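# sequence and predicted structure are below.
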Amino acid sequence: MATLEARISNAGIEIAKPGYDVRTASLANMVFSPNLVAMRVAFEGTFTAGPHGEGNPYAAYYKAIKYFDTPFPNDPPYALAAGIGSDGTSYQAPFVINSAGGNTLEVTPHYELNTYTNRIELYVMQWTAGGVILPLTWKFFILQNTLS
């Protein structure tokens, strides 16, 4: 039975298919390589969160929705998002620790990003966190799994 050959090179982790030398195997004969691309950026854009009529647990959040022109056929895509500050900086801290009274601490999401096959939804908390008001305009990237 042929075994897999693996190595860690300057490029990263490399694993050849059974029967191939990991040092000389072509990309087509690799099980894993830093050169294999499993995700591609399907599209990107910006959206702006605003008030909505949903109740708890989202009453303290503003909401943004981006519907996809063409729904993804199988699974929801992966999405990344970052708030765009008024000075152009990128805001990416997803959680803040708040005092819930007494000696209890709770972790509250600054924002929540949900993906579906036909849209993404972003909820952005709207209160000051240490004097910082979260941005309402967010940059997003939709990543499609090219292996599924």
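Right, received. Where do you want to start?

# where in this structure is pLDDT low?
Counting by pLDDT under 70, the low-confidence segments of the chain come to 1-2, 36-38, 93-108, 127-132, 147-148.

# please redo it, this time with the cut-off set to 50
Residues of the chain meeting the criterion pLDDT under 50: none.

# tell me the centre residue of this structure?
In the chain, the centroid-proximal residue (CA atoms, centre = their mean) is residue 80; its distance is 3.1 Å.

# what bridges to that one?
residue 141 (DSSP bridges).

# distance check, it against residue 140.
7 Å (CB to CB, to the nearest Å). C-betas here are computed from N, CA, C, even on glycine.

# cool, and residue 6?
Taken as CB to CB, the span from residue 6 to residue 140 is 35 Å.

# equivalent analysis for residue 111, please.
11 Å.

# pull up the overlap in contacts between those two.
Listed as contacting both residue 111 and residue 140 by CB atoms under 8 Å, 6 or more residues apart in numbering are 81, 122.

# with neighbour numbers in mind, choose between the two.
residue 111 (23 against 18; other CB atoms under 10 Å).

# correct me if wrong: that one contacts residue 83.
Yes: with contacts counted by CB atoms under 8 Å, residue 111 reaches residue 83, the gap being 7.3 Å.

# many thanks, we can stop here.
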